[in-house]
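In: here is a sequence with its predicted model. Questions after.
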Amino acid sequence: MAKKAGNDKKKVRVGFIGSGGIMGGHAQRLAECGADLVALADPSSDARKRIKDRVPQYKDADEFEDWQEMLKKSDLDAIEIGSPHTLHYEQICAALDKGLHVLCEKPMTCTSAHARDLIKRVKKAKKVLGISYQRHFQGTYRYLRQLVESGQLGKITYVAALQGQEWLNAVRGTWRQTQKLSGGGQLNDSGSHLLDMFMWTTGLEAEEVSCRSEFFDTEVDINSAVNVTFTNGALGTISVIGSAPTGFYEDFTIVGTEGIAYYRNGKITYQLGKSGPVLELTKGLDWMNVDSNFVGAINGECEIGCPPTIGLRVIELTEAAWRSHDQNGKPVKVERGS
């Protein structure tokens, strides 16, 4: 897309499919970057009201119970999707068919077949499709990626990631623990952020996966222990713990032949060379936020920070983990179709 002159910059008209939870933050950020939230679709009138209460400048946004009705009746340039996971594919397809740009909450889809289809549809539609994996914009993870890309860590030989969250009890009784709507459990929900960073920071590609999960008394995975072999021979482990008794914790380690980097719940320490000093990250590399990036990409000012190819890589790895669990932890190949 060509850049637009400052005075000709388009004020992007956005509609929400889903207005609960995290969508309040999206609304706030859209206001800060000058976009216009003109329509809200959600079966809950309370959810729609909370958006307007949080960002009063959008108090006149049209309201719909049915997202399909919103797409028919509203004059939009783009939509942002915050609905249950298994609805994402249908809603993204419908928006692209209407000629709209799309920012979708994670995961992009719940099957790799759907993800591959969306990549084809986006190319044909020539529209922006972004995934709301916010760690792509956070200074700590961007710094880890830079360390790898610069070659300072050498060849990556091992990656370890852990996430602990009070997910089992915190979302009990909601759609997130209903297979038909969530498409999977914690591995497909908050855990998908970890799977994303597992590959994005390192540039590695998963080849073989083994996994065992614990469902407790639910119909979806809560805890998962995942072992990964990458195409370059490196090894990796992912621990997604949804049964933590309290709080949230995230841990990430990248081991290379020339150095090692540790992320510990927001703080990075790293060491380069066998006798180099242990250094701490003192200044982040924050880029922008997911919504300002989305609007900027629509206006031709920047590239989308998290394109649909990221969503495909995450669901390919997730599906492999699910298949392995179903086969009692047997190693399985990551399947990549055309």
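Out: Happy to help now that I have it.
In: every contact and neighbour count from this point should use C-alpha atoms.
Out: OK.
In: what ranges of this protein fall below the confidence cut-off?
Out: 1-9, 282, 338 (pLDDT under 70).
In: quick one: the helices in the stretch 51-200 of the chain, in order.
Out: Ranges of helices in the stretch 51-200 of the chain, per DSSP state H, counting those that start in this stretch, are 67-73, 88-97, 112-125, 139-149, 167-170, 179-182, 191-200.
In: most tightly packed of the ones you listed?
Out: helix 191-200 (a mean of 22; mean count of other C-alpha atoms under 10 Å).
In: what angle do that one and helix 139-149 make?
Out: Angle of helix 191-200 versus helix 139-149, following axes from the mean of the first three to the mean of the last three C-alpha atoms, to 10 degrees, is 30 degrees.
In: if we can go back for a sec, any chance of a markdown table for the helices of the stretch 51-200 of the chain, columns distance to Glu219?
Out: What follows is the helices of the stretch 51-200 of the chain, written out as a markdown table (distance: least, C-alpha to C-alpha, whole Å):
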| stretch | distance to Glu219 |
| --- | --- |
| helix 67-73 | 28 |
| helix 88-97 | 20 |
| helix 112-125 | 21 |
| helix 139-149 | 32 |
| helix 167-170 | 11 |
| helix 179-182 | 6 |
| helix 191-200 | 17 |
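In: so which of those helices comes closest to Val159?
Out: helix 191-200 (7.3 Å; C-alpha to C-alpha).
In: ok, whatever helix or strand comes next after that closest one: who's next to it in the sheet?
Out: With elements assigned by DSSP states H and E, the helix or strand that comes after helix 191-200 is strand 206-214. Paired strands of strand 206-214, with direction, are strand 223-230 (antiparallel), strand 332-333 (antiparallel) (DSSP bridges).
In: dump those to CSV, plus distance to Thr318 and mean neighbour count.
Out: Output for those, formatted as CSV (distance: least, C-alpha to C-alpha, whole Å; neighbours: other C-alpha atoms under 10 Å):
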stretch, distance to Thr318, mean neighbour count
strand 223-230, 10, 22
strand 332-333, 12, 18
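In: put together a markdown table for the ones you listed, with distance to Leu285 on each row.
Out: Below are the strands paired with strand 206-214 laid out as a markdown table (distance: least, C-alpha to C-alpha, whole Å):
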| stretch | distance to Leu285 |
| --- | --- |
| strand 223-230 | 27 |
| strand 332-333 | 35 |
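In: between those strands, which gets nearest to Arg323?
Out: Per C-alpha to C-alpha, nearest to Arg323 of those: strand 332-333, 7.3 Å.
In: all strands for the stretch 1-150 of the chain, in order.
Out: With strands called from DSSP state E, counting those that start in this stretch, the stretch 1-150 of the chain shows them at 13-17, 36-41, 62-64, 78-81, 101-104, 129-131.
In: please enumerate residues in contact with the third one?
Out: Strand 62-64 is contacted from outside by 38-43, 48, 70, using C-alpha atoms under 8 Å, 6 or more residues apart in numbering.
In: among those residues, who's most crowded?
Out: Counting neighbours by other C-alpha atoms under 10 Å, the top entry in the contacts of strand 62-64 is Leu40, with 30 neighbours.
In: now that one: how far from Gly24?
Out: 11 Å (C-alpha to C-alpha, to the nearest Å).
In: relative to Ile254, which of the helices of the stretch 51-200 of the chain is closest?
Out: helix 139-149 (8.3 Å).
In: which strands or helices does that closest one pack on?
Out: Contacting helix 139-149 under the criterion 3 or more C-alpha pairs under 8 Å, 6 or more residues apart in numbering; DSSP states H and E is no other helix or strand.
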